[in-house]
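Peer 1: here are the coordinates; sequence isn't available:
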DNA sequence: GAAATTGTATAGCAGTAGCATACAATTTAT
DNA sequence: ATAAATTGTATGCTACTGCTATACAATTTC
């Protein structure tokens, strides 16, 4: 699949997978009704245990983004629910911005920093 | 002190403390040479174990932001080293922005989202 | 209805966070 | 000097978490 696990990333694997799928849903690459890969297949692709993927699926199900059914698999949920993916994506941004505000940075300083980081990100993205 | 631990925060306590002190240094509230509170005092203030604070201090020392000495305490390091606090502050922002980029959001969308979140943050900050 | 496919539950191991308590270095007061 | 107080450090323990291997259960396919 279209997901990468990075062992330098401090997030646990199951969360990296969940975040990755959430991003795919929020970005429109995975639309309502689309079937997700079986836990065994995705686990094999990423070289991890099937339970690790199952945990990621359960996390997404708890958020209402997918529907998981025993025997038939996982499916992207209704587009009504998908709107929440945007909200989920905002959370880490909010946390990061809160830290900067608490550090005493002014709004303009923060916006400048964001623009700067964004420029660097969009300029030279890592090639898988 | 001027630091809060939030049990709803997923970060471990020692990291919340380290992040908090780092923010104070980066924001200029704690300047070079200033003495940090003894581990026991800060631990008592926050209602945690002294080793938890000691771990936070060690993390900051590893980053070169403070100097810890057995018997005399912890002191904010040279302003040369302090410049790195800015870099440490940027890291979570960078992670959050990377997620948004991977989700397929355009630069302008992200900037808009940031401005929006920032407005909400600066408008109604939580009062202690 | 048997076989294949898919998710779920259980059990175990390793690492981490936090705590209580004891130890060691430095400073302060005698 | 040296005893006492202050400060950081080390040890040992418990609970929890992330990950794995393996067994179990539901659904679909033939």
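Peer 2: That came through, no problem. This structure is a prediction, so every number in the text was calculated from the model and none was measured.

Peer 1: Do the regular element (helix or strand) spanning residue A:55 and DNA strand D come into contact?
Peer 2: Secondary structure from DSSP states H and E places residue A:55 in helix A:50-62. Yes: Helix A:50-62 reaches DNA strand D (C-beta under 7 Å from any atom of the strand) through A:50-52, A:55. Heads up, the C-betas are built off the backbone N, CA and C, glycines and all.

Peer 1: Pull the distance from that helix to the chain's centre.
Peer 2: Chain-centre distance of helix A:50-62: 12 Å, with C-alpha atoms, centre = their mean, to the nearest Å.

Peer 1: and what of stretch A:24-41?
Peer 2: 12 Å.

Peer 1: Buried residues, the helix holding residue A:55. List them.
Peer 2: A:52-57, A:59-61 (16 or more other C-beta atoms under 10 Å in any protein chain shown).

Peer 1: is that helix up against DNA strand C anywhere?
Peer 2: Yes: counting by C-beta under 7 Å from any atom of the strand, contacts between helix A:50-62 and DNA strand C involve A:50-51, A:54, A:57-58.

Peer 1: will you turn those into JSON lines that also has distance to residue B:42 and pLDDT?
Peer 2: Output for the residues of helix A:50-62 next to DNA strand C, formatted as JSON lines (distance: C-beta to C-beta, whole Å; pLDDT from 0 to 100):
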{"residue": "A:50", "distance to residue B:42": "44", "pLDDT": "98"}
{"residue": "A:51", "distance to residue B:42": "40", "pLDDT": "98"}
{"residue": "A:54", "distance to residue B:42": "41", "pLDDT": "98"}
{"residue": "A:57", "distance to residue B:42": "41", "pLDDT": "98"}
{"residue": "A:58", "distance to residue B:42": "38", "pLDDT": "97"}
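
Peer 1: Just give me the closest of those to DNA strand D.
Peer 2: Nearest to DNA strand D out of the residues of helix A:50-62 next to DNA strand C is residue A:51 (C-beta to the nearest atom of the strand; 3.3 Å).

Peer 1: and the gap between the closest one and residue A:17?
Peer 2: Distance of residue A:51 to residue A:17, computed by C-beta to C-beta, to the nearest Å: 12 Å.

Peer 1: Of the residues of helix A:50-62 next to DNA strand D, which pair is most distant in space?
Peer 2: A:50 and A:55 (9.8 Å; C-beta to C-beta).

Peer 1: Can you report how many residues lie near residue A:21?
Peer 2: The burial count assigned to residue A:21 is 28, neighbours taken as other C-beta atoms under 10 Å in any protein chain shown.

Peer 1: Perfect, that will be all.
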